[in-house]
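Peer 1: Structure for the following, please:
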Amino acid sequence: MKKSVENTEQLAAVNQKVVSGGEVLPSVHLKDGSKVQTGTVATMLYNINLYNAGERGQVEKELELAVPTLVKVGLFDLFPIEDWIAGDNPGRRFVGECAKTYLARVGS
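Peer 2: You can find the predicted model right below:
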């Protein structure tokens, strides 16, 4: 059985970087009973652009934090991890490597 490690509250804070001041992104409950934070894909795309512009450190931590939710919502079923890693986009490759590491750790 795959262990899920979503960090909904932490993602809520990170995902605020893509919305206007005063806006709050909700978390939602999926049919399986799990809870995920909305805005995670948008924030991931934003952070990939920052990564590609040379930012590291906090951006890497935020991208890693997003991976469990991205797995949960099926992003890597739609766009396989191998495709993320094989591309020439460094930020996308970083996310793919994080997802690969995450899935190896929790079991896929």
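Peer 1: how many other residues sit next to Arg92?
Peer 2: 20 (other C-beta atoms under 10 Å). Just so you know, the C-beta spots here come from the backbone N, C-alpha and C atoms, and that holds for glycine as well.
Peer 1: do you know how far it is from Val14?
Peer 2: As for Arg92, its distance to Val14 is 18 Å (criterion: C-beta to C-beta, to the nearest Å).
Peer 1: Straight-line length of stretch 77-97, end to end?
Peer 2: For stretch 77-97, the first-to-last residue distance is 15 Å (C-alpha to C-alpha, to the nearest Å).
Peer 1: can you pull the buried residues of it?
Peer 2: 81, 84, 91-97 (16 or more other C-beta atoms under 10 Å).
Peer 1: Quick check on Arg93: phi, psi?
Peer 2: Dihedral pair for Arg93: phi -60, psi -40, per degrees, to the nearest 10.
Peer 1: and which of the buried residues of stretch 77-97 is nearest Gly57?
Peer 2: Phe94 (12.5 Å; C-beta to C-beta).
Peer 1: so what does the helix or strand encompassing the closest one touch, helix or strand wise?
Peer 2: Using DSSP states H and E, the element containing Phe94 is helix 90-106. Applying 3 or more C-beta pairs under 8 Å, 6 or more residues apart in numbering; DSSP states H and E, one finds that helix 90-106 contacts helix 40-52, helix 58-72, helix 81-86.
Peer 1: Now mean pLDDT and distance to Thr8 too, for the ones you listed, in TSV please.
Peer 2: Output for those, formatted as TSV (pLDDT from 0 to 100; distance: least, C-beta to C-beta, whole Å):
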stretch	mean pLDDT	distance to Thr8
helix 40-52	97	9
helix 58-72	96	8
helix 81-86	97	22
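Peer 1: Now render those as CSV, adding distance to Val106.
Peer 2: Below are the helices and strands packed on helix 90-106 laid out as CSV (distance: least, C-beta to C-beta, whole Å):
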stretch, distance to Val106
helix 40-52, 17
helix 58-72, 8
helix 81-86, 14
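Peer 1: my hunch is that Lys31 is in a helix, does that hold up?
Peer 2: No - going by DSSP: H, G, I helix; E, B strand; the rest coil, the assignment for Lys31 is coil, not a helix.
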